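Undergrad: Provided below are the primary sequence and the corresponding predicted coordinates.
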Amino acid sequence: MQAEIRAENKQPGPKKKFDVIIIGAGPAGYTAGIYASRAKRETLLISGTLPGGQLMLTTEVENYPGFSDGIMGPELMTTMRKQTERMGTTIIDDEVVNVDFRRKPFKILTNSEEYEADAVIIATGASPRKLGAKGEQEFSARGVSYCATCDGPFFKNQEIIVAGGGDSAMEEAIFLTKFAKNVHVIHRKDKLRASKIMQDRAFENSKIKFHWNSVIEEIRGKEKVNQVTIKNVSTNQQEMMDVGGLFVAIGHEPNTKLFKGQIELDEQGYIVLKNNTRTSIEGIFAAGDVHDHRYRQAITAAGFGCMAAIDVDKYLSENSRK
């Protein structure tokens, strides 16, 4: 009798096996969850250490469709999360520490549990490289930006700095001349790394000023950035410049260290796609900045999330008939 009572009172543990597991909770991850759940797939989304991704660190977002007056980045991500949960996706705020893609079902290990899935969507995004200058973290999203396309229109008629010397830095500098009074390119060497065509375009733009052999030492301000200290690495002389914003364009690092040796990555560490959103491992898909080093926009990440979920649904349907 006692054994029967204990059996009746025993509660089932949390579900460990899912049709699809999504790793990452930015626009790509949340959108993938919405589409996968609407397709009646049992879906788990593991958010990682920064639920919502890079948009949780931004202020106003003006270029995401559907918000005529703009929307704050964290609010947009909170709204996406609620919609994803409403569709039926299980969301846990935990960090994936290991994966095993060698055999099916695939295994996903977090800090607290081990989960299994028939398909996985990787949506871990990419992180901008930081300067490491004093005040950089303090003024992130308060004058320090890592995306000119996202934030350039907020700096109309201001003096702006772009840190970097590659193609992405020149692209950002040229784009920012649409809004800025002047754009000051700070580069630690005496020549650019950018391709010749990008260099020519930048040199021909009268709004772009170059500061060679220079690095940013410190970023200052009150409510937002208003002054930057620049150091010449050849002479050690320092210069204080009054500016409205600083755009860091020294590259991005895809968040793929966890998957090294499991799936194919390119030389920069981005996931290589084989067919639409499929990776080198059948049943493993990718969406967003984790493979996209060209656009890096919330709307394109969301689009890739949609595509990955549709590809997963087709993959699961095909394999269920085998």
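TA: In hand now; what should we look at? None of these values were measured; they are calculated from a predicted model. Numbering: from 1, shown residues only.

Undergrad: could you point out the longest helix of the chain?
TA: helix 298-320 (DSSP state H).

Undergrad: pull out the buried positions in that helix.
TA: Counting neighbours by 16 or more other CB atoms under 10 Å, one finds that the buried residues in helix 298-320 are 298, 300-313, 315-316. Any C-beta I mention is one placed from the backbone N, CA and C, and that applies to glycine too.

Undergrad: repeat for stretch 172-185
TA: Those would be 172-177, 179-180, 182-185, for stretch 172-185 by 16+ other CB under 10 Å.

Undergrad: in strands only, show me the residues you listed.
TA: 182-185 (DSSP state E).

Undergrad: got the contact list for the longest helix of the chain?
TA: 19-20, 26-36, 39, 41, 55, 61, 63-65, 76, 118-119, 121, 123, 125, 276-278, 282-283, 285-289, 291-292 (CB atoms under 8 Å, 6 or more residues apart in numbering).

Undergrad: now the buried members of those residues.
TA: Members of the contacts of helix 298-320 classed as buried by 16+ other CB under 10 Å are 19-20, 26-36, 39, 41, 55, 61, 64, 76, 118-119, 121, 123, 125, 277-278, 283, 285-289, 291-292.

Undergrad: which of those residues fall in helices?
TA: Among the buried ones among the contacts of helix 298-320, the members falling in helices (DSSP H) are 27-36, 76.

Undergrad: need the residues you listed in JSON lines with pLDDT and distance to R103, can you?
TA: Shown next, in JSON lines, are these (pLDDT from 0 to 100; distance: CB to CB, whole Å):
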{"residue": "P27", "pLDDT": "96", "distance to R103": "31"}
{"residue": "A28", "pLDDT": "97", "distance to R103": "26"}
{"residue": "G29", "pLDDT": "97", "distance to R103": "24"}
{"residue": "Y30", "pLDDT": "97", "distance to R103": "29"}
{"residue": "T31", "pLDDT": "98", "distance to R103": "29"}
{"residue": "A32", "pLDDT": "98", "distance to R103": "23"}
{"residue": "G33", "pLDDT": "98", "distance to R103": "25"}
{"residue": "I34", "pLDDT": "98", "distance to R103": "29"}
{"residue": "Y35", "pLDDT": "98", "distance to R103": "26"}
{"residue": "A36", "pLDDT": "98", "distance to R103": "22"}
{"residue": "L76", "pLDDT": "94", "distance to R103": "38"}
